[in-house]
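Asker: Sequence and computational prediction follow.
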Amino acid sequence: MNYITVGVVARPQGIKGEVKIAPLTDDNARFHSLSRVHIDGKDYDVTGCKVNPAGVFLSFAGITDRNAAELLRGKRVLIDRSDAVRLDDDRHFIVDIIGSELTDGGKVFGHVTDILQYGAADIYVAVDKDGRKLMFPALKDVILSIDTQRKAIEISLARLSEVAVYED
């Protein structure tokens, strides 16, 4: 199966097996459409979903008490890629970007190892061809194009040099 992580089980909620989810998506309403998830090597049917300002709460078939819910704490909530939301052409799943080569004019500069999400712009974490770790914001004048099929990201090396922060 080809899975995408949509959240992490934060903690049990109440005594009937419900869990609070720490979402890893920018649209919490997407949880309403889930019918099945994959957690820790096992498939679960979703029997209940609440999304409100306090968070995302899910219930699963077979998880009927707090003790069973506690065993899920800290586990990633995965969905089958075929159940993922449809993204606009200029949007990508993080999992599809990680591992991509960074190129400038066809020359390989490095590759993406992680993406951090803190605020206004995602922060790409990369390793350059010399093995140095760097971070840079996902700005349109830095990232010129993304091809998830080829796992290639065209960057402006000149602009990257102005905004990147290297780890010592």
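Answerer: The structure has been received and is ready for your questions.
Asker: how about the spatially closest residue to A121 that is not a sequence neighbour, what does it touch?
Answerer: Leaving out its chain neighbours, the residue that sits closest to A121 by CB to CB, 6 or more residues apart in numbering is P137, at 4.3 Å. The way it works is simple: take the backbone N, C-alpha and C, and place the C-beta from them, glycine included. Shown in contact with P137 (CB atoms under 8 Å, 6 or more residues apart in numbering): 121-124, 163.
Asker: Kindly check the end-to-end length of stretch 134-148 for me.
Answerer: By CA to CA, to the nearest Å, the extent of stretch 134-148 from end to end equals 21 Å.
Asker: one step back: nearest to V46 among the contacts of P137?
Answerer: D122 (28.1 Å; CB to CB).
Asker: which residue sits closest to that closest one in space, ignoring its chain neighbours?
Answerer: A138 (4.2 Å).
Asker: What degree of burial does that neighbour show, as a neighbour count?
Answerer: Look at A138: counted by other CB atoms under 10 Å, it has 17 neighbours.
Asker: Outside of the longest helix seen in the chain itself, list whatever touches it.
Answerer: For the chain, the helix with the greatest residue count under DSSP state H is helix 157-163. Contacts made with helix 157-163 from outside it, assessed by CB under 8 Å, 6+ apart, are listed as 104, 109, 136-137, 139, 141-142.
Asker: Recalculate using a threshold of 6 Å.
Answerer: For helix 157-163, contacts defined as CB atoms under 6 Å, 6 or more residues apart in numbering pick out 104, 136, 141-142.
Asker: just checking, which of the residues you listed belong to strands?
Answerer: Counting by DSSP state E, the contacts of helix 157-163 place 104, 136 in strands.
Asker: What ranges in the chain fall below the confidence cut-off?
Answerer: 1 (pLDDT under 70).
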